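Asks: dropping the sequence and predicted coords here.
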Amino acid sequence: MRDLFPGFNNRTDEELSECWQEGIFVFDTNMLLNVYRYTQKTRERYFEVLDLLKERNQLWIPYQVAYEYQDNRTEVIQGQLDAYTEVSNMLQTTIQKLESSLEPYKRKHGFIDIDKLTEELTSAIKKAKTTITQGKEKDKKEYEALKKHDRLLEKLEELFQGNIGSPYSNSRLEEIYRQAQLRIELRIPPGWEDEVKNSFKAYGDTILWFQLVDYARTQNKPIIFVTDDGKKDWWVRDAKGKPVKPLPRLVQEMFAEAGVLLHMYQGYEFLGQAEHFLKLEEKPDVIADAMTVTEQNTSASKDKGALVVYAKKSMRGRIIDLYPGFHDEVNLKIFLTSTVVESIVNGQTVFKANFPSLEPGNYTLSSGMRYYARVTILAGEIFEVDWR
């Protein structure tokens with residue numbers, strides 16, 4: 001019975017060894033984009049592993065992955081620079097809140113030197129802000145250079161040359177869109193977690209999956225899918241929402257349709273297992289960095305949502321406040337902030353503020369008297385507000 005239901009059993013040591021010796025490693029879009037998120041040391045180890053797999057003819061990506069990578073590459077590069085500005089602005093906001101919150105205690109407490117305490121805390125935060133600014137100036141040159149001459153793109157092109165699937169025809173895509181919509185309605189993985197996305201992008205995971213299954217039919221080898229997508233339509237997750245193993249239904253569908261075994265890794269797991277099976281030097285700091293990136297990639301795809309506020313150019317640098325609740329529920333002392341920064345999205349300059357990881361619920365958005373909105377955040381959904 002075990003042979004007929006591989007999806008309901010954990011992989012044995014023999015099966016894992018076979019995967020690494022003979023299997024084809026297929027990478028999701030987020031794993032290609034991670035080359036811009038990893039530290040240099042982690043990126044070097046990542047490329048080292050991919051080079052070894054390429055030598056063994058064990059690399060492949062679906063056309064959908066290559067397309068999504070090209071479509072999102074510049075935005076991810078810009079996002080790395082935006083993070084410096086957002087953190088710097090958060091630190092500045094912290095200084096303002098700290099000074100405001102401690103002000104009343106200057107008159108109420110005779111034993112705490114509030115002025116000295118405020119000075120020490122403010123000095124420490126300003127020092128951190130200076131470090132962030134220096135880091136931005138250093139990395140800005142590198143990321144700006146990537147926009148003009150992307151050596152990381154060139155490396156990926158070298159690795160996957162001849163190892164990228166073909167695109168579907170328009171007629172085949174239209175057929176898949178219909179099938180994808182039915183799968184979403186029936187909650188057949190993967191893809192139903194993306195139903196909140198607009199337009200054809202809701203079907204991206206389904207297209208990727210169909211291309212992966214089609215390819216597997218021609219190979220008769222185990223398929224190892226590496227992804228930092230942590231959504232419920234890919235993984236069995238534990239009580240804390242951490243991915244544990246691929247959904248049995250996915251493994252069973254791959255087995256039924258292509259007759260091969262499917263196994264899955266998150267990015268940090270892949271690099272950790274590569275040390276073992278490829279007999280590489282252990283680098284705990286690399287695994288730790290990859291785990292941090294995996295957690296960042298999956299945080300918004302678990303049980304939290306996100307908010308993006310698009311603003312006018314004149315609002316650049318303005319702080320946006322986000323308060324939990326509507327009307328009487330709002331506590332003006334508890335709020336989140338984000339700052340409008342300049343970003344590049346699909347080759348276009350936009351001005352936006354990001355709230356990347358929010359608990360589902362009602363929120364009130366505000367930036368002065370003129371700009372105000374009420375939003376409801378849903379798990380796994382990115383809510384957009386347009387103030388342009």
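Replies: Cool, got the structure.
Asks: rest of the way, CA atoms for contacts and neighbours
Replies: Noted.
Asks: and the residue positioned nearest the centre of the chain, which helix or strand is it part of?
Replies: The chain has residue 297 as the residue nearest its centroid, 2.7 Å off, counting by C-alpha atoms, centre = their mean. With the criterion set as DSSP states H and E, the secondary-structure element containing residue 297 is helix 284-299.
Asks: could you do residue 119 as well?
Replies: For residue 119, the element it lies in under DSSP H and E is helix 114-148.
Asks: for that helix, the averaged confidence score.
Replies: Within the predicted structure, the mean pLDDT of helix 114-148 is 66.
Asks: what does stretch 353-365 give?
Replies: The average pLDDT within stretch 353-365 is 82.
Asks: likewise stretch 243-253?
Replies: Along stretch 243-253, the predicted local confidence has a mean pLDDT of 93.
Asks: and that stretch, how far out from the chain's middle?
Replies: In this view, stretch 243-253 has its centroid 21 Å away from the chain centroid, taken as C-alpha atoms, centre = their mean, to the nearest Å.
Asks: quick one: contacts of that stretch?
Replies: 5-8, 189-190, 230, 233-238, 261-264 (C-alpha atoms under 8 Å, 6 or more residues apart in numbering).
Asks: how near is residue 326 to residue 26?
Replies: Taking C-alpha to C-alpha, to the nearest Å as the measure, residue 326 and residue 26 are separated by 45 Å.
Asks: in terms of neighbours, single out the busier of the two.
Replies: The neighbour comparison of residue 326 against residue 26 (other C-alpha atoms under 10 Å) goes to residue 26, with 21 against 17.
Asks: thought that one was touching residue 215?
Replies: No - using C-alpha atoms under 8 Å, residue 26 is not in contact with residue 215; the gap is 10.4 Å.
Asks: all the helices of this protein, residue numbers only.
Replies: Secondary structure of the chain by DSSP state H: the helices cover 13-22, 29-33, 40-55, 63-102, 105-108, 114-148, 151-160, 170-185, 204-217, 248-258, 267-277, 284-299.
Asks: any chance of the ones you listed in JSON lines, plus distance to residue 362?
Replies: Formatted as JSON lines, those follow (distance: least, C-alpha to C-alpha, whole Å):
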{"stretch": "helix 13-22", "distance to residue 362": "45"}
{"stretch": "helix 29-33", "distance to residue 362": "29"}
{"stretch": "helix 40-55", "distance to residue 362": "39"}
{"stretch": "helix 63-102", "distance to residue 362": "22"}
{"stretch": "helix 105-108", "distance to residue 362": "33"}
{"stretch": "helix 114-148", "distance to residue 362": "31"}
{"stretch": "helix 151-160", "distance to residue 362": "40"}
{"stretch": "helix 170-185", "distance to residue 362": "26"}
{"stretch": "helix 204-217", "distance to residue 362": "29"}
{"stretch": "helix 248-258", "distance to residue 362": "34"}
{"stretch": "helix 267-277", "distance to residue 362": "33"}
{"stretch": "helix 284-299", "distance to residue 362": "19"}
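Asks: pull the CA atoms of the helix holding residue 297 into PDB?
Replies: Extracted in PDB, the C-alpha atoms of helix 284-299 (Å, rounded to 0.1, in the frame of the first residue of the first chain):
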ATOM      1  CA  PRO A 284      25.800  27.400   9.900                       C
ATOM      2  CA  ASP A 285      25.700  31.200   9.300                       C
ATOM      3  CA  VAL A 286      24.600  30.600   5.700                       C
ATOM      4  CA  ILE A 287      21.800  28.300   6.800                       C
ATOM      5  CA  ALA A 288      20.700  30.900   9.400                       C
ATOM      6  CA  ASP A 289      20.600  33.700   6.800                       C
ATOM      7  CA  ALA A 290      18.700  31.500   4.400                       C
ATOM      8  CA  MET A 291      16.200  30.700   7.200                       C
ATOM      9  CA  THR A 292      15.700  34.400   7.900                       C
ATOM     10  CA  VAL A 293      14.900  35.000   4.200                       C
ATOM     11  CA  THR A 294      12.600  32.000   4.100                       C
ATOM     12  CA  GLU A 295      10.700  33.400   7.200                       C
ATOM     13  CA  GLN A 296      10.500  36.800   5.600                       C
ATOM     14  CA  ASN A 297       9.100  35.300   2.300                       C
ATOM     15  CA  THR A 298       6.500  33.200   4.100                       C
ATOM     16  CA  SER A 299       5.400  35.700   6.800                       C
END
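Asks: give the rounded mean pLDDT of it.
Replies: Averaged across helix 284-299, pLDDT comes to 88.
Asks: swap in stretch 214-227?
Replies: Within the predicted structure, the mean pLDDT of stretch 214-227 is 96.
Asks: please apply the same query to stretch 64-79.
Replies: Looking at stretch 64-79 alone, the average pLDDT works out to 87.
Asks: so residue 38 touches residue 288, yeah?
Replies: No - in this structure residue 38 lies outside contact range of residue 288 using C-alpha under 8 Å: 10.6 Å.
Asks: okay, the two: which has more neighbours?
Replies: Under the criterion of other C-alpha under 10 Å, the comparison of residue 38 against residue 288 puts residue 38 first, with 17 against 14.
Asks: got a list of what that one touches?
Replies: By C-alpha under 8 Å, 6+ apart, the contact set of residue 38 is 289-290, 293.
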